[in-house]
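1. Whatever this is, show me its structure:
(2 chains)
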Amino acid sequence: MDDLVTKLGPEFASANALSIPEVVIVLQYFKDQGQITSNNAIFEKIYSYAKRYNRFPDGQIAGEVRKLLVESDFTQIEITLLMNLCPQTAEEAKALIPELARFENDDHLNQTLEEIARLKNLQG
Amino acid sequence: MFFILNLKKNLLVTPEYLGKKLSTQLLNLLKRAVEGSFNPRHGYLVKVLTVDKYGEGKVQDGSGDVLFPLSYKALVFMPYKDEVLDGIVTNVLPEGFMASVGPMSLFISSQKLPTDYRIDMENRPHPRWTNVNDSTSHVQVGSDVRVKIIGIRINGNEILGVCDMSESHLGPIKVR
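-> Numbering: from 1, shown residues only, chains lettered A, B, ... in the order given. You can find the predicted model right below:
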């Protein structure tokens, strides 16, 4: 998070990054509760954006993907971006997420991406 | 990127809202004050999640209004330079194209497209950018693209992400 805090400002030092599948779960909760203030025009825009680009609409699978990435020692930002963008190869992942250059050997990254793809395909 | 952020706000409460159920009143007033807003320091405030703490209110001289310091958590959308994200194309122009990420607009200049993209303004029903080396690859209204933010311009409540689509693994994507 440190590099990003430098970029984004001190407010983000205690922030938690949330992936798109998790954003959908949070927003869906408030939607189901009917707790949307009428002046909040950006809520609907963010909700439909997040729904459209949600690669893990099955919340349980999303949870398993996060668990896998946490256990494989990825950082919070890497986890969020991997869940948002779902790259298929280590080469693609490194192009999209420069932080991943710290993995000199691609094997660990490729294995993790294969496991994510497997979980993704379990969804209906 | 989306974040859960710890934020503070001094909320001025008029006397009619004071009394029983103060914490519910404060939460509702806070939501009305901040949800849906944009702030250059923390981005778009999508939703207040919880009020963690409210301090002792200070009565304001003359008005009887009370100022409460609040600490709360909110879900925010904060785009940043070098972030790669997906968006939906909203307009195709000879100068490039526009896309949107929720409430945020993106502009991708023709200079920031791969060199094998050509504009076809005559295409119907929609003008489009086409990859001359891959006839299945188009950028047109409603299509999905993966781009990288190279600059952010803020103008009041409007924010424009200036993006690049020329690097490898960026470009049109299939969402489903």
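2. The host helix or strand of residue A:82 packs against which elements?
-> Secondary structure assigned from DSSP states H and E places residue A:82 in helix A:76-85. Counting contacts by 3 or more CB pairs under 8 Å, 6 or more residues apart in numbering or on different chains; DSSP states H and E, helix A:76-85 is packed against strand A:16-18, helix A:20-33, helix A:59-71, helix A:90-96, strand B:84-93. For glycine as for every other residue, the C-beta is placed from the backbone atoms N, C-alpha and C.
3. helices and strands around the fourth one, which ones?
-> Packed against helix A:90-96, as judged by 3+ CB pairs under 8 Å, 6+ apart, are the following elements: helix A:76-85, helix A:106-121.
4. Format those as JSON lines; extra columns: mean pLDDT and mean neighbour count.
-> Formatted as JSON lines, those follow (pLDDT from 0 to 100; neighbours: other CB atoms under 10 Å in any protein chain shown):
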{"stretch": "helix A:76-85", "mean pLDDT": "96", "mean neighbour count": "21"}
{"stretch": "helix A:106-121", "mean pLDDT": "95", "mean neighbour count": "15"}
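5. Residue B:72 touches residue B:7, doesn't it?
-> Yes - the pair residue B:72 and residue B:7 qualifies as a contact (CB atoms under 8 Å) at a distance of 5.7 Å.
6. can you tell me how far residue B:78 sits from residue B:40?
-> Applying CB to CB, to the nearest Å, the value for residue B:78 to residue B:40 is 10 Å.
7. my bad, should have said residue A:20
-> Counting by CB to CB - residue A:20 and residue B:40 are separated by 23 Å.
8. So if I had to pick from these two, which one is more boxed in?
-> More neighbours surround residue A:20 than the other of residue A:20 and residue B:40, with 24 against 11 (other CB atoms under 10 Å in any protein chain shown).
9. I'd like the distance from stretch B:139-147 to the chain centre, please.
-> A distance of 17 Å separates the C-alpha centroid of stretch B:139-147 from that of its chain, computed with CA atoms, centre = their mean, to the nearest Å.
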